[in-house]
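# test case, fold it:
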Amino acid sequence: MSADPVTLAIASTAVQAVGVYQQVQAQKATNKAIIREYENERKYNQLKGLQDANDVMEEAQRKRKQNLAIVAGSGYSDDSRSFLAVQSEIDRIAAKDITNIKINVGRAEQKLQSQIYSTKVMGKAQEFGAYASIASAGFKTAAYSKSYKTRGQYDNYYDPLDPGQTE
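Numbers count the residues shown, from 1 in each chain. As a prediction, the model looks like this:
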C-alpha cells in the first residue's frame, strides 16, 4: 500500500518543519551561550581594569613613600621643591596610567557590546529566515496539493487491478 503524492509532500513538509524548528532552538541555545560568554568576558575585563588601576595606585604610593624616605634621610625638608616635584610627577604618571587603563577597558567593553548586539541581531535574522522557510515550504506544499487535485488525479484514478473500473 502506497501513499499518494500529496500525503507524502505534506509528511515531507512536516518533517522539514520539525527539523528547521529544532535547528532554530539549537541556534538560540548556542547564541545564549555565546552572549553569556561575552558577558563573562566583560565582567573579567572590568575586574582586570580595577585590579590594574589598584596596582598603579599601590605602586605610586610605594614610590611616594620611597621619595619621602630619601628626602628624610638626606636632611631635606618635605616641602622642598625637589621633593614636591617628584611627588607631583609620580601622581601625574599614575593618573596617566589609570586613564590608559580606563580607555582600554572602555574599548574592550565597546567591542564586546558590539559582539553581543551582532549575535542577537544575527540570531533573530536566522530565526526569522528559518520560520520563513517553514512557511514557504507549507505554501509550496499547499500549492502542490491544490494543483494535484485540480488536475483531477484524485477523481480519475485508474486502478488496473479493479475489474469494475474502465479507463
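
# what residues are up against the residue nearest in space to the middle of the chain?
Central residue of the chain (C-alpha atoms, centre = their mean): Thr119, 3.4 Å from the mean position. Residues near Thr119 by C-beta atoms under 8 Å, 6 or more residues apart in numbering: Asn31, Ile34, Ile35, Tyr38. Any C-beta I mention is one placed from the backbone N, CA and C, and that applies to glycine too.

# biggest separation within those, which pair?
Asn31 and Tyr38 (10.4 Å; C-beta to C-beta).

# low-confidence ranges in this structure?
1-3, 149-167 (pLDDT under 70).

# give me that answer again for 50
By pLDDT under 50, the low-scoring segments of the chain are 1.

# coming back round to it: turn the buried ones among the contacts of Thr119 into a named PyMOL selection, would you?
Only the buried entries of the contacts of Thr119 go into this PyMOL selection, using 16 or more other C-beta atoms under 10 Å:
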select buried, resi 31+35+38
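
# out of the contacts of Thr119, who's nearest Gln126?
Asn31 (8.6 Å).

# any idea how far whichever helix or strand the closest one is part of is from the chain center?
If you go by DSSP states H and E, Asn31 is part of helix 5-74. Centroid displacement of helix 5-74 relative to its chain, using C-alpha atoms, centre = their mean, to the nearest Å, is 10 Å.

# what's the answer for stretch 80-87, then?
On C-alpha atoms, centre = their mean, the centre of stretch 80-87 falls 51 Å from that of its chain.
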